[in-house]
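Participant: Build me a model from this:
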Amino acid sequence: MKFMPQDMFEVMAISMAKYKLLGDEEFRKFKFAMHEAYKNDYKGDVLWLSQAEELIQDIQQLVTKIKAKDAFKYLTVASEFRQKLDENLEIPSATKKIFGGNFFTRSHPSPSSRKEIALKNIARLMVMMAANGYVHD
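Facilitator: A predicted model of the protein is given here:
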């Protein structure tokens with residue numbers, strides 16, 4: 001059984017928080033699309049979708065706390081920025097970039113701790129965004 005890796009999970013959680021801002025119908029469509037897109041890659045991982053959804057309020061509170069003028073835009077940039085980093089929030093090596101697809105990624109070692117790790121990493125990601133000159137607009 002393969003569990004969704006931490007970096008991908010964090011992108012999903014950020015994206016879900018972003019789509020939740022658009023209302024329940026848009027969120028439902030996005031959630032369904034993500035489930036359909038990844039259900040075969042992570043057949044035994046029945047936790048990732050509900051865990052990501054449980055983080056929505058916490059992620060939105062982080063965005064509110066930093067006073068982002070446009071939360072949807074901010075979360076879009078955060079998701080894109082997170083996708084460029086590896087599981088340790090570092091720029092991946094050339095080898096990792098080549099062998100970074102779902103087929104080559106390892107299963108998450110502790111899926112029950114994904115939420116706690118994600119919340120810390122997403123807060124750190126926001127600090128990194130500020131340090132890289134992204135103003136909260």
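Participant: drop to CA atoms for contacts and neighbour counts, all remaining ones
Facilitator: Noted.
Participant: Quick check: buried residues in the lengthiest helix in the chain?
Facilitator: Criterion DSSP state H: the longest helix present in the chain is helix 114-131. Buried positions in helix 114-131, judged by neighbour count with 16 or more other CA atoms under 10 Å: 114-115, 118-119, 121-122, 125-126, 129.
Participant: can you list those residues in a markdown table and add pLDDT and distance to S50?
Facilitator: Listed next are the buried residues of helix 114-131 as a markdown table, based on pLDDT from 0 to 100; distance: CA to CA, whole Å:
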| residue | pLDDT | distance to S50 |
| --- | --- | --- |
| R114 | 94 | 11 |
| K115 | 96 | 10 |
| A118 | 97 | 14 |
| L119 | 97 | 15 |
| N121 | 97 | 18 |
| I122 | 98 | 17 |
| L125 | 97 | 22 |
| M126 | 95 | 23 |
| M129 | 93 | 27 |
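Participant: tell me which of these is nearest to E10?
Facilitator: A118 (5.7 Å; CA to CA).
Participant: Return the residues in contact with that closest one.
Facilitator: 6, 9-10 (CA atoms under 8 Å, 6 or more residues apart in numbering).
Participant: What is the end-to-end distance of stretch 19-27?
Facilitator: End-to-end distance of stretch 19-27 (CA to CA, to the nearest Å): 5 Å.
Participant: Contacts for it, please.
Facilitator: By CA under 8 Å, 6+ apart, stretch 19-27 touches 16, 30, 56, 72.
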